[in-house]
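*Asks:* here is my input, please return the structure:
(one chain, ligands or ions: 2)
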Amino acid sequence: MDTSRFRVRPGEQVNLRRYSPVDTSPLKNKRKAAGRLDRGIERLAVLQEKLYAQNRWAVLLIFQAMDAAGKDSAIKHVMSGLNPQGTQVYSFKRPSDEELDHDYLWRTNKALPERGRIGIFNRSYYEEVLVVRVHPDVLNRQKLPAPLVTKYLWRDRYDDITRNGTLVRKFFLHVSKEEQRRRFLERLDDPSKHWKFAAADLDERDRWDEYGRAYEQALTRTSTRHAPWYIVPADHKWFTRLVIAELVIQALESLDLAVPAATRPQLDALAEARKRLGSEP
Ligand code: ATP
Ligand code: MG
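*Replies:* Numbers count the residues shown, from 1 in each chain. Ligands and ions are numbered 1, 2, ... in the order given. Reported below is the predicted structural model:
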């Protein structure tokens, strides 16, 4: 699949209305996607094994979205074939008192993946230019020294966020307001989904347009060549998963991963070991 249409180009002025949440091209329905996703997941497992064995690169996948866009299920499906030992998933909720007493990158820095691992952030430091922007009182709770709270605060944060060291891919799951409504109603109608519903989600829904603007600016300002944002259509979950799987595969393939070849002394040691095992009574 040509995934370039989802990528936010550096310098592009993002307008979310130009990205369709219902796009599934070139696929017409879920049936065709299933086999492809299965093959993608197998491919991911092979790549992950190499990443782990090579132990040089760390990979960070960041997921951001409005409620009910399907972050959790995308993470669950796409990562289902991976070896849990090589992955680390963190969900970032409202910061604790301890976290608020540190600078805002502290909690996410601690959670960055180690070499050889795939780290997944379900929400991330990007909340700092999203929810914090939409709700000024959240910023007040951050206890920032007054001289730092200037009109440059957001610009400075965008700059902090783009300076990073790991292979980073960022996914904005783009769900439509209508589809969110449908999914909320489903949560209300289905007792097995009640736990997913929070009344506060409706307050955030009321701020849909403000979030849209905050997302557009964040996507515009922080998509770089090395840490690009992808705007992934999210009204059809089967398509969301497929796109993410393909994008993660492409990212891993760009790393030129290989299981490290044994050195001469290691090969000698292996030959010795084979001899010892062979000569056991
Ligand atoms: P789901 O609703 O699908 O279970 P979720 O990611 O929405 O998953 P919640 O516990 O509902 O999880 O929401 C987490 C909340 O924490 C969000 O409203 C988010 O905006 C908020 N949050 C995350 N990071 C920050 C932050 N740095 N400052 C303030 N609020 C934050
Ligand atoms: Mg939520």
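*Asks:* please report how far residue 260 lies from residue 119.
*Replies:* Residue 260 is 22 Å from residue 119, where distance means CB to CB, to the nearest Å. From N, CA and C alone the C-beta is placed, and that goes for glycine too.
*Asks:* these two: which is more packed in?
*Replies:* Under the neighbour definition other CB atoms under 10 Å, residue 260 and residue 119 were set side by side, and residue 119 has more, 20 against 11.
*Asks:* where does the more buried one sit: helix, strand or coil?
*Replies:* Assigned with DSSP: H, G, I helix; E, B strand; the rest coil, residue 119 falls in the strand class.
*Asks:* I figured it was touching residue 109, is that so?
*Replies:* No: using CB atoms under 8 Å, residue 119 is not in contact with residue 109; the gap is 11.5 Å.
*Asks:* least confident secondary structure element in this protein?
*Replies:* Ranked by mean pLDDT, DSSP states H and E, the weakest helix or strand in the chain is helix 153-162, scoring a mean of 77.
*Asks:* and the helix or strand that that one is followed by with ligand 1, contact?
*Replies:* Downstream of helix 153-162, the first helix or strand assigned by DSSP states H and E is strand 167-174. No: Strand 167-174 lies out of reach of ligand 1 by CB under 6 Å from any ligand atom, never closer than 10.7 Å.
*Asks:* and the helix or strand that comes right after strand 167-174, which residues are buried?
*Replies:* For strand 167-174, the following helix or strand on the C-terminal side (DSSP H and E) is helix 177-189. Residues of helix 177-189 classed as buried by neighbour count (16 or more other CB atoms under 10 Å): 179, 180, 183, 184, 187.
*Asks:* grab the nearest non-local neighbour of the third one.
*Replies:* If I follow you right, that is residue 183. residue 68 (4.1 Å; CB to CB, 6 or more residues apart in numbering).
*Asks:* the most centrally placed residue in the chain in helix, strand or coil?
*Replies:* Centroid-nearest residue in the chain, with CA atoms, centre = their mean: residue 62, separated by 2.3 Å. Assigned with three-state DSSP, residue 62 falls in the strand class.
*Asks:* cool, and residue 89?
*Replies:* Relying on three-state DSSP, one would call residue 89 strand.
*Asks:* which residue ranges of the stretch 151-281 of the chain form strands?
*Replies:* 167-174, 229-233 (DSSP state E, counting those that start in this stretch).
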